[in-house]
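Student: predicted structure and sequence below. I'll ask about it afterward.
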Amino acid sequence: MEQIGNMIGWETVKMVVGLVGVLVFVVLNALILTWAERKVAGHMQRRIGPKEVGPYGLIQPIADALKLLGKEILTPREVDKPLYYLAPMIIFVPVLVSFVVIPFDASLQVMDINVGILVILAFSSLSVFSILMAGWGSNNKYALIGAIRSIAQNIAYEIPLLLALLPIIMMTNSFSLKSIVEAQHGLWFVVYQPFAFLIYFIAGVAETNRTPFDLPEAESELVAGYHTEYSGMRFALFFLAEYTNIFIVSAIAVTFFLGGYQGPFLPGIIWFLLKSYLLVFVIMWLRWTYPRVRFDQLLNISWKALIPLSFINLLITGGLLKL
Amino acid sequence: MVERIKAELGATLKETPVGEADYRERGYHLFAEVASADLLNVARFFDERGFYLAALICVDYKEYLELVYIFSNHASLCKVKITLKIDPAKPVAPTISTVFDCAYWHEREIREFFGVSFDGHPNMTYLFLHEGIDFYPLRKEKIPVSDEDKKALGAFRPGEGEDTFFVNLGPQHPSTHGVLRVVLKMDGEYIEDAQPVLGYLHRMHEKMAENRSYLQFLPNTGRMDYLGPMAFNLGYVTAVERLCGIPVPDRANYVRVILTELNRLSSHLMWLGAYLADLGALTPFLFVFDDREEINDILEPVTGSRLTYCYFRFGGLYNDVDDAFVAGTRAFIERLRSRFSLYEKLVGGNVIFTNRTRGIGVITKERARKQAVSGPVLRGAGIPMDIRKSEPCAAYGEMDFDVPVGTRGDALDMYQVRIREMENALNIIEQALARLPEGPIMTEKAPRKLKPPKGDLYHTVETPRGELGIYIVSDESDKPYRMKWRVPSFSNLMIFPELAKGNLLADAVAILGSLDLVIPEIDR
């Protein structure tokens, strides 16, 4: 065992085991979130949501997954084949990589890279490529409009997202997620940086393309946006990526502002998941309450409000730290 | 008003006489037959005096075709019927779409159904029908469509521009609520041109009417507007009653008002939910369905159906309402009143909603008149016109309610007008329930077989979407000779292209929703 370990390096073994774990978590998370979303939506809409398959409809997501697996995968005739086939696969890779650096618990982290947050931000901006590939490759006007919207939106919201995280990095002098969590041993950073938290959360919702910022897939305007032409398991991959992204956005918010895995009595991982899913619930709550903003309004919120505000916040933080 | 118009019109027309009709029998005050050379002058005459073109109808009398123009007024009740006889062998008439914009679509409709071509019309192509039709459906004899006509009618082909592309909004699209197709010429996300293509749900109700007795056609009326069938039923039965002079007992009139208003509520609620779904909020849809379900539960035991009602009869009602209905309706009024504050919080007070709708799809008073929009859209544009007030049928004349109007004419105003109309409808129902008289629900004088006297009638009622005009020509047989339905959604849709131009795609969806269209009603 030790020999094998030495031959390929313990880091690699840890990485492989970690990735498998992440993969399992991603699938589980998507299953839980589809069920939760349907239940949350149901109760907000004076219904009860799924209840037939399993107790409280708990097996429903598995039934959904089986249905999607069993569906015929249709490929429209006029699509750009390489782009069309690659898009759903590519959307999944950055999501997986992002998980590698998230600390679930004090010792439950695949890899503590000293530029952890940069890895997440860099990889999450890659998902724009796959959306563009899907939109362009589908050879469908609705899909193309959806993809174009998505790019403009992602560019606009990545800036405030980063600017909202910067004050924390300045306060802790570290890009490593683990040391950021450790730095919140006393007070959570949300107390020091409430505005940064709000800006981050709004930008995060926009990054995940959720209502009220779900313009790339605006159903009433673009049918289904960039994934209009995808069916079966290919569609399921987009779906999986969306739910995983929601979790990542919440997990980073928890890591940066809400003390990560820290909390009394319960083990760290429970605290981490509790806090993360609470934020996920808030995102769902938003979706089932608000209408969609218009495209120019969406960009105005970012360029005219969030970015200047986050700059001011950054300046004030810098000034206070210098004192 | 009527005397003044008569004198002035007589002076304009010189040799042709202006007749005065019995409004209660005919539904219009004045009539005149003009020559085709005079038509444009007459149209301008009415345009200058603030009239709108309520309906443009063609009737095939075999020896000649007759074009009927109904001009009406928002401010005071004065309706004028102008007729124009044309030769069926060479059917050509001058267009008045240069004066009244709404004639643009009416004339296209007549072109494909009667083969009448309009001189000077910019776009004489198919509106409802497709290119496979080889006869004119509403002509009394089978007249084949000549190759020349086919070529002219089928000329609509969208061509791509340098920087523009076409998007088909529909026929199957989440926000067209049915099978409406709008061809959008887009420059990026901005709309350069919008062209609705109709007829995906065309069932030719007007031709069906000519082949059925008056009673047999009654169920058809509820199938045109599936969200507000009561108002369509009401319009049809009151029209036929007016034509035949059938009296209606008081109790029946009151019950008609209650049921029509309940149906108006359910239609407006449905609109509210669907509109919010258009704007991306899916939850209100389920909330309004909850309320709408209550209305259906009240109406089902009385009428026997939940969607396409057929409850009114010539001279009364199908059956009487009971105490459970009255109690259920009272309970529902209480329930819905308490829900308005919830809707206000969830929708009206939502900053995203107000930002999406304020200043979008602004209709000015002048454009509203020229395009002959009606109903909540017209009132949203600031014109206080409600046919329940101006030409009350059933027991509407005895009800006390106000007519809400908007100030800006945008989509937000349409929303507010409809919400206030719902509150009004509750008040009307409450009044009608309080005064509901005892007595028979069916007149004893109703003839078994209806044979209305010779003549025509233009009858209007206020449906949830606006002015429904029914033009019936009777030839003393038991079937109508010609029946034209001037439906509100059709006229309201006409203004959509000019509202959408230059706006974002998302705004087009918001505008389309604010017009509250029901596609089967447009297509008939």
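Tutor: Now that the structure is in, tell me what you want to look at.

Student: secondary structure element for residue B:16?
Tutor: Per DSSP states H and E: residue B:16 is located in neither a helix nor a strand.

Student: tell me the contacts of it?
Tutor: Residues counted as contacts of residue B:16 (C-beta atoms under 8 Å, 6 or more residues apart in numbering or on different chains) are B:32-35, B:38. Backbone N, C-alpha and C define where each C-beta goes, glycine included.

Student: quick check, residue B:168 in contact with residue B:185.
Tutor: No. Judged on C-beta atoms under 8 Å, residue B:168 makes no contact with residue B:185 at a distance of 11.1 Å.

Student: quick one: which of the two has more around it?
Tutor: Taking neighbours as other C-beta atoms under 10 Å in any protein chain shown, residue B:168 and residue B:185 compare with residue B:185 leading, 19 against 15.

Student: just confirm that one is within a helix.
Tutor: No. Residue B:185: not assigned to a helix; according to DSSP: H, G, I helix; E, B strand; the rest coil it is strand.

Student: buried residues in the helix or strand hosting residue B:47, which are they?
Tutor: If you go by DSSP H and E, residue B:47 is part of helix B:39-48. Across helix B:39-48, burial judged by 16 or more other C-beta atoms under 10 Å in any protein chain shown covers B:39-40, B:42-43, B:45-47.

Student: biggest separation within the contacts of residue B:16, which pair?
Tutor: Spanning the widest gap among the contacts of residue B:16 are B:32 and B:35, at 10.7 Å by C-beta to C-beta.

Student: ok, the two, which is more surrounded?
Tutor: Higher neighbour count among residue B:32 and residue B:35: residue B:32, with 19 against 12, using other C-beta under 10 Å.

Student: which other helices and strands does the helix or strand hosting the more buried one contact?
Tutor: Using DSSP H and E, residue B:32 maps to strand B:30-34. If you count contacts as 3 or more C-beta pairs under 8 Å, 6 or more residues apart in numbering or on different chains; DSSP states H and E, strand B:30-34 packs onto helix B:2-13, strand B:18-20, strand B:80-86.

Student: helix/strand/coil for the closest residue to residue A:138 other than its chain neighbours?
Tutor: Distances taken as C-beta to C-beta, 6 or more residues apart in numbering or on different chains place residue A:229 nearest to residue A:138, at 4.0 Å, with adjacent residues excluded. Following three-state DSSP, we place residue A:229 in the coil state.

Student: how about residue A:229, phi and psi?
Tutor: Here is the backbone geometry of residue A:229 (degrees, to the nearest 10): phi -90, psi 0.

Student: how near is it to chain B?
Tutor: 15 Å (C-beta to the nearest C-beta, to the nearest Å).

Student: wait, what's in contact with residue B:238?
Tutor: B:393-394, B:459, B:461.

Student: ok, 10 Å please
Tutor: Counting by C-beta atoms under 10 Å, 6 or more residues apart in numbering or on different chains, residue B:238 makes contact with B:246, B:248, B:253, B:256, B:312, B:314, B:393-394, B:459-461, B:470.

Student: hang on, the earlier thing: which of the helices and strands packed on strand B:30-34 sits most buried?
Tutor: Of all the helices and strands packed on strand B:30-34, strand B:80-86 carries the top mean neighbour count, a mean of 20, counting by mean count of other C-beta atoms under 10 Å in any protein chain shown.

Student: please compute how far that strand lies from its chain's middle.
Tutor: 21 Å (C-alpha atoms, centre = their mean, to the nearest Å).

Student: following it, which helix or strand comes up?
Tutor: Where DSSP H and E defines the elements, the next helix or strand beyond strand B:80-86 is strand B:92-94.

Student: neighbouring strands for that next one, and are they parallel or not?
Tutor: Using DSSP bridges, the strands paired with strand B:92-94 are strand B:117-119 (parallel).

Student: pLDDT score for residue B:159?
Tutor: We have a pLDDT of 60 for residue B:159.
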